[in-house]
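In: Starting from these lines, generate the structure:
(4 chains)
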Amino acid sequence: MEHTTMTTKLISLHNAIKKYVHDGDLLYASGFTHLIPFAAGHEIIRQGIKDLVLARATPDLIYDQMVAAGCARKVIFSYIGNPGVGSLRMVRAGIEKGELEWEEYSHFSMISRLQAGASGLPFMPMKQTGAADLMKHNPQYQQVTDPYTGECVIVVPPLKPDVAIVHVQRSDAQGNAHVWGILGEQRLAAFAAQHVILTAEEIVDEAVIRSDPNRTLIPGLVVDAVCHVPYCAHPSYTQGYHDRDNDFYLAWDEISKTDEGIQAYLKEWVYDLPDRQAYWEKLGPEVHQRLHAGERLSAPVNYGEY
Amino acid sequence: MEHTTMTTKLISLHNAIKKYVHDGDLLYASGFTHLIPFAAGHEIIRQGIKDLVLARATPDLIYDQMVAAGCARKVIFSYIGNPGVGSLRMVRAGIEKGELEWEEYSHFSMISRLQAGASGLPFMPMKQTGAADLMKHNPQYQQVTDPYTGECVIVVPPLKPDVAIVHVQRSDAQGNAHVWGILGEQRLAAFAAQHVILTAEEIVDEAVIRSDPNRTLIPGLVVDAVCHVPYCAHPSYTQGYHDRDNDFYLAWDEISKTDEGIQAYLKEWVYDLPDRQAYWEKLGPEVHQRLHAGERLSAPVNYGEY
Amino acid sequence: MEEIEYNPQELMVVNAARLLRDGDVVFVGVGIPNLACNLAMRTHAPNLQMIYEAGVIGAQPARLPLSIGDPSLVTGALSVCSMYDIFTLYLQRGNVDVGFLGGAQIDQFGNINATVIGDYAHPKVRLPGSGGSMEIAAWANRCYIITPHQKRRFPARVDFRTSIGFLTGGDARAKTGVRGGGPEAIVTNLGLMKPDETGELVLTALHPGIQFEQVQENTGWAIRQAPNCETTAPPNPEELRILREELDPQRIYI
Amino acid sequence: MEEIEYNPQELMVVNAARLLRDGDVVFVGVGIPNLACNLAMRTHAPNLQMIYEAGVIGAQPARLPLSIGDPSLVTGALSVCSMYDIFTLYLQRGNVDVGFLGGAQIDQFGNINATVIGDYAHPKVRLPGSGGSMEIAAWANRCYIITPHQKRRFPARVDFRTSIGFLTGGDARAKTGVRGGGPEAIVTNLGLMKPDETGELVLTALHPGIQFEQVQENTGWAIRQAPNCETTAPPNPEELRILREELDPQRIYI
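Out: This is a model prediction of the structure:
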């Protein structure tokens, strides 16, 4: 409302990570292929945060890099591949060598854990899948008896991250955010977490958000910090802002084949750079051009003036 | 896709009701205050369909009229008020006189039943509310033991309507529909039901729907019939198309005080009219003017051309 | 000082508004609670946030809505979501600080009846039922009730517990495992009632000019007066100006 | 008639496409399954609908996506929803007719391992894990597997059952209570395998020019040939034209 005097939540990503991410935290950096907050992962690496429990349905390169940089003690996941390419070599090696703890789910049971956490529920049910092997190894899977049929129903407990990091297309200074494209588990991660760091491609006036309230999937009331971080998601992408850098996803498969390759990458692209702006500039005009997103605008809808 | 040869699902509301709503069906005409498909209720009354089980969180005037017209054997609900006005006199009288069966929930447990039905789950859990009186009277409420804490969790079973009727702002001929404003239980009712009749304020080209896929809350693949019914929701409303007719909600409280009042209303506004178009014309220019929705367009979003 | 005139509705709105805190997230209904929230936002609680069970967060209605599903609540709101989401992500999750409740009967322990007068299976009067109040009463961090003070509204026992206060008192509420704190105050046209340490409602404040006897006459149990029972400050001119000029100029609710 | 040349990928895509039915709702991955669906849509199944676990329904990608979360799948799609919704409202609800599955190992009863080679707690090779395949295998009405025919891919027993086929055969799958029908066919570069009435995979078709012995050599159990084992029709010119000219002109997958 016009007279509202809310103080802004805008702070730098550096300060947001410093304030809300601590050694040993359970972190959920969200985004299914889309909107993965790489800039936040890099900032966590730069700050040398340790012993994190890294939860994500698809750890993707962001957690591979964080594991390589020594930030993680454990991963919680449902798919540790490099999508469309192959392995996540660092996560895989950590598990194979017994140096990284892990806790494993299927996609739906992982997301159901977030749904339970976001909903304030002690568990979420799912139908039988018959896949007993994983359930045998992960005691978080339990069963309850359906009181209506007497059958067994699988349940999973809530996942309640200490911190969720959620990248969005546009947000106001309070963290009321419009998100579109692949939604993944963005909304659930934000509601399930104790603290939420929101990174936004654009900070817009509250009026833009209020012009389309159905698009506001993340409300400011669950957001602690709002960081303006354009191109935060590269090499993942932000629908309508820049393309997925498939070339880099392929390149990482090579880079991550040797420890030297990875350390050289981290030095050049993480440690030796101050922030995402420097990273994006360093990528250079050719990459910018290659990842350019053209324009396909949504047809407007009328909310009416009442 | 261009070469797609899908046959249209467009049929008249008259034929859709004839084809999909049968005596004795469990019907869910959805919409929380918003988008209530009154035209469909009137068509059901005109067709003299009987013994329906009418499920809705808020029966609203639509079910009050259908009960008055003798269409219903039972109501399933969580709030039988005339919102902001008072009682639903017909539903109330039916229950008080013992002439109408009923099954009662709180809003959340009612919606959770739809969520279970829409999700293909045998139940949905909810936290304790301590409100044992209703649970004592409705055996659908059950409890299961949380395997993680040993505490009791309330569960409700799926609601699986034979038919859901869902009104939307715009749909293509296949039933892929954009919905905005108050969403209520629209999406869940459509997914929970065996058959779905979609009524739309506008039938638009598939390209309009595809311009904003995140707005498509009802996908054509769950829709059986698509009916073009402008002003379907009056005296409820369609966000951006026309206002809620609060005057009528107040007037119904008077009309429904006597059986004569109701029968005269049904004769004049339902039985003696062929369809919604005639109804809307009969309302006249003054009402049209009073319910006019001004323009407040959403800021567009860019999906990008990839 | 000139005597300020106000009516019982204005008195209840003003006193309810004063109970709200800056930053509160409020699950709000139409009518009096809506006015109370708006008044609080315009006075001491500019960061209060309103949520409607219809799925609306941060509404900026250009008019006073008749129903909680009014289109004017949607246009210009911060966020609109489904009913399942509003009850899970917001209410059940614990993101709601305050819920407003109402009903035909409120008893000695703050339990509310909005369901039936008489027997449930053969009701004398069938009321609208819970709506969202069963969950609001259980899961909001704290609840307020605003209602005229009448004997039939305040029986010793409600005929049916639609939503719970402190049940039979003592640790009865805590033992159910509900997450919220329960009713924190009942605002009437005579004064304020709050639960004591056993959950029993006691009179904690009288409005200016009201006597305890009036409260007792209009209450269905032997109500106790708190030892430190206060007198509420009368609505001040600014509160009344906002109410009358800005919030309800057509005097629909006040 | 002139001999038509094609490679093993083309052969598998064409044979997988032919298994799809008009109107099928398909939970599809990138690569070969994606090509098979698109080929079916352009030939005998114009009303086939593709769903991606990323939450996309009715994609019209302008390019071949590397990942199932590609932005080109979203622009111009019919509908995009959250991951929780796609797994509940679509897959678990029973709205998916066909699921495509893959993995490092597929056994005699169509069980799939995409998790580990060796011991789970101390894996020799750690694979990506289930993703959505645990649920797809259980809840899609029917499933198809497309994979090169190699002995290491077809052991008698998988090291770990990531997603189930017919478990140990007989009524073992039915007894788990899963809703879907399980694997209906495995398409390889040598032929087609389908479960018999006990759930054991048997060879039901050989591709042109392939001998049964080649299949046995590349299968980790004594595979039986169905009595009515057929020879598949070779890819026809129109199928190959669509694949090569329209669907994968850069030959990324074929």
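
In: For residue A:164, list each beta-bridge partner.
Out: For residue A:164, the beta-bridge partners are residue A:28, residue A:196 (DSSP bridges).

In: which residues touch the residue in the stretch 1-150 of chain C positioned nearest to chain B?
Out: Going by CB to the nearest CB, chain B is nearest to residue C:69 of the stretch 1-150 of chain C, at 2.2 Å. Where you see a C-beta, it was placed from the backbone N, CA and C, and this is true even at glycine. Under the criterion of CB atoms under 8 Å, 6 or more residues apart in numbering or on different chains, the neighbours of residue C:69 are B:32-34, B:83, B:182, B:184, B:244, C:52, C:54.

In: Including pLDDT and distance to chain D, could these go into CSV?
Out: Below are those laid out as CSV (pLDDT from 0 to 100; distance: CB to the nearest CB, whole Å):
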residue, pLDDT, distance to chain D
B:32, 96, 19
B:33, 95, 23
B:34, 97, 20
B:83, 86, 28
B:182, 98, 19
B:184, 96, 16
B:244, 96, 28
C:52, 93, 22
C:54, 94, 20
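
In: Same list, those residues, but only the ones touching chain A.
Out: When the contacts of residue C:69 are checked against chain A using CB under 8 Å from any CB of the partner chain, none falls in range.

In: give me the number of residues near residue A:52?
Out: Neighbourhood size, residue A:52 [other CB atoms under 10 Å in any protein chain shown]: 25.

In: And the pLDDT for it?
Out: Residue A:52 is assigned 98 on the pLDDT scale.

In: how about it, what does it touch?
Out: A:21, A:23-27, A:44, A:66, A:71-74.

In: again with residue C:108
Out: Shown in contact with residue C:108 (CB under 8 Å, 6+ apart): C:156-157, C:200-201, C:220-221, C:223.

In: tell me which element it falls in.
Out: Under DSSP states H and E, no helix or strand contains residue C:108.

In: Could you check which residue of the stretch 151-254 of chain C lies nearest chain A?
Out: Closest point on the stretch 151-254 of chain C to chain A, by CB to the nearest CB, is residue C:179, at 7.5 Å.

In: between the contacts of residue C:108, which has the most around it?
Out: residue C:201 (27 neighbours).

In: so what's it closest to, chain neighbours aside?
Out: Excluding the flanking residues, the one nearest residue C:201 by CB to CB, 6 or more residues apart in numbering or on different chains is residue C:193, at 4.3 Å.

In: and the helix or strand hosting that neighbour, what does it pack onto?
Out: Residue C:193 is located in strand C:191-195, with elements delineated by DSSP H and E. Under the contact criterion of 3 or more CB pairs under 8 Å, 6 or more residues apart in numbering or on different chains; DSSP states H and E, strand C:191-195 touches strand C:183-187, strand C:201-206.

In: need the next SSE after the last one, C-terminal direction.
Out: Meaning strand C:201-206. Next along from strand C:201-206, by DSSP H and E: helix C:212-217.

In: how about the helices in chain A?
Out: Using DSSP state H, the helices of chain A run over A:13-20, A:38-46, A:60-68, A:89-96, A:107-119, A:132-137, A:186-192, A:206-210, A:246-255, A:259-266, A:276-290.

In: now those as JSON lines including mean neighbour count, mean pLDDT and distance to residue C:33?
Out: Listed next are these as JSON lines, based on neighbours: other CB atoms under 10 Å in any protein chain shown; pLDDT from 0 to 100; distance: least, CB to CB, whole Å:
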{"stretch": "helix A:13-20", "mean neighbour count": "19", "mean pLDDT": "98", "distance to residue C:33": "34"}
{"stretch": "helix A:38-46", "mean neighbour count": "25", "mean pLDDT": "98", "distance to residue C:33": "40"}
{"stretch": "helix A:60-68", "mean neighbour count": "26", "mean pLDDT": "98", "distance to residue C:33": "45"}
{"stretch": "helix A:89-96", "mean neighbour count": "22", "mean pLDDT": "97", "distance to residue C:33": "51"}
{"stretch": "helix A:107-119", "mean neighbour count": "27", "mean pLDDT": "98", "distance to residue C:33": "25"}
{"stretch": "helix A:132-137", "mean neighbour count": "17", "mean pLDDT": "96", "distance to residue C:33": "47"}
{"stretch": "helix A:186-192", "mean neighbour count": "27", "mean pLDDT": "98", "distance to residue C:33": "25"}
{"stretch": "helix A:206-210", "mean neighbour count": "19", "mean pLDDT": "98", "distance to residue C:33": "23"}
{"stretch": "helix A:246-255", "mean neighbour count": "17", "mean pLDDT": "96", "distance to residue C:33": "52"}
{"stretch": "helix A:259-266", "mean neighbour count": "14", "mean pLDDT": "97", "distance to residue C:33": "55"}
{"stretch": "helix A:276-290", "mean neighbour count": "14", "mean pLDDT": "98", "distance to residue C:33": "45"}
